[in-house]
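Visitor: The following comprises the amino acid sequence and a computationally predicted model.
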Amino acid sequence: MPLLKVENLVVNYGSINALKGISFEVNKGEIVTLIGSNGAGKSTTMNTIAGLKSPSGGKIYFEDNDITKLDSSKRVKAGIILSPEGRQVFPEFSVYDNLMMGGFIQKKKDNLVEIEKVFELFPVLKERKKQMAGTLSGGEQQMLAVARALMGKPKLLMLDEPSMGLAPLIVKEIFGLIQRIREIGTTVLLVEQNARVALKISDRAYVIETGKIVLSGKAQELLESEDVQKAYLGM
């Protein structure tokens, strides 16, 4: 039984058909990546799974339960947490307060346990816990966005473009952290334009073009595919 199963998902923005009946699944313990060009429908997929956008058709199942009509707060409680594109930290709040907001669904004593786990994964955030989030570097803000999502104890962590705008060394660090997050037991669904780096750390991947899945398979196979290399890896 997959942890997440998406069946024939259709999403419209007015007259624009953003998703045209996509189906895919994510198994427990995997890193699965959605790759595709800008406007392909990747972020729409993530927002719909998170409950921020309503589908026009299709079903979403999580742990074998139909969550298609569940509101976003109930999906968070079920264990689906999205770290959105563009980081979206609260700039005028401290690192510590941003993290505590990520655990808003839990009791304070549980948050105090979780924050120590997060600080183990992200020691730089522990060093900067009293600093205003808006004064962090881009890489540190991205770490904060991921750490804040982890505070909600996700079963499925969805990361939307975590490498956007970051220097190559920082990208390497972020992707190393994503691997560690999976190692400690969190399943990851990743949307990423840096297809090469994403495929290297993923188990499986799906390629989305203009709202349809056109290719899927083991990440290593897609990394070696001529079509993927030409379209997404600049080869």
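Guide: Now that the structure is in, tell me what you want to look at.
Visitor: can we go C-alpha only for contacts and neighbour counts from here?
Guide: Will do.
Visitor: Okay, helices next: where are they in this structure?
Guide: For the chain, applying DSSP state H gives helices covering 42-49, 72-78, 95-102, 108-121, 123-127, 138-150, 168-183, 195-201, 219-224, 226-232.
Visitor: Name whatever forms a beta bridge with the residue nearest the centre of the chain.
Guide: With distances taken as Cα atoms, centre = their mean, the residue of the chain nearest its centroid is Leu159 (1.7 Å). Residues in a beta bridge with Leu159, per DSSP bridges, are Ser83, Leu190.
Visitor: what's near enough to touch it?
Guide: 82-85, 146, 188-191 (Cα atoms under 8 Å, 6 or more residues apart in numbering).
Visitor: returning to that earlier point: nearest to Glu209, of the helices of the chain?
Guide: helix 42-49 (9.0 Å; Cα to Cα).
Visitor: Just the C-alpha atoms of the closest one, please, in PDB.
Guide: The C-alpha trace of helix 42-49 is given here as PDB (Å, rounded to 0.1, in the frame of the first residue of the first chain):
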ATOM      1  CA  LYS A  42       4.600  20.600 -10.400                       C
ATOM      2  CA  SER A  43       3.800  23.200  -7.800                       C
ATOM      3  CA  THR A  44       0.100  22.900  -8.600                       C
ATOM      4  CA  THR A  45       0.400  19.200  -7.800                       C
ATOM      5  CA  MET A  46       2.000  19.900  -4.500                       C
ATOM      6  CA  ASN A  47      -0.500  22.600  -3.500                       C
ATOM      7  CA  THR A  48      -3.400  20.300  -4.400                       C
ATOM      8  CA  ILE A  49      -2.000  17.500  -2.300                       C
END
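Visitor: before we move on, the earlier item: please identify the most buried of the helices of the chain.
Guide: helix 138-150 (a mean of 24; mean count of other Cα atoms under 10 Å).
Visitor: which helices and strands does that one pack with?
Guide: strand 80-83, helix 95-102, helix 123-127, strand 156-160 (3 or more Cα pairs under 8 Å, 6 or more residues apart in numbering; DSSP states H and E).
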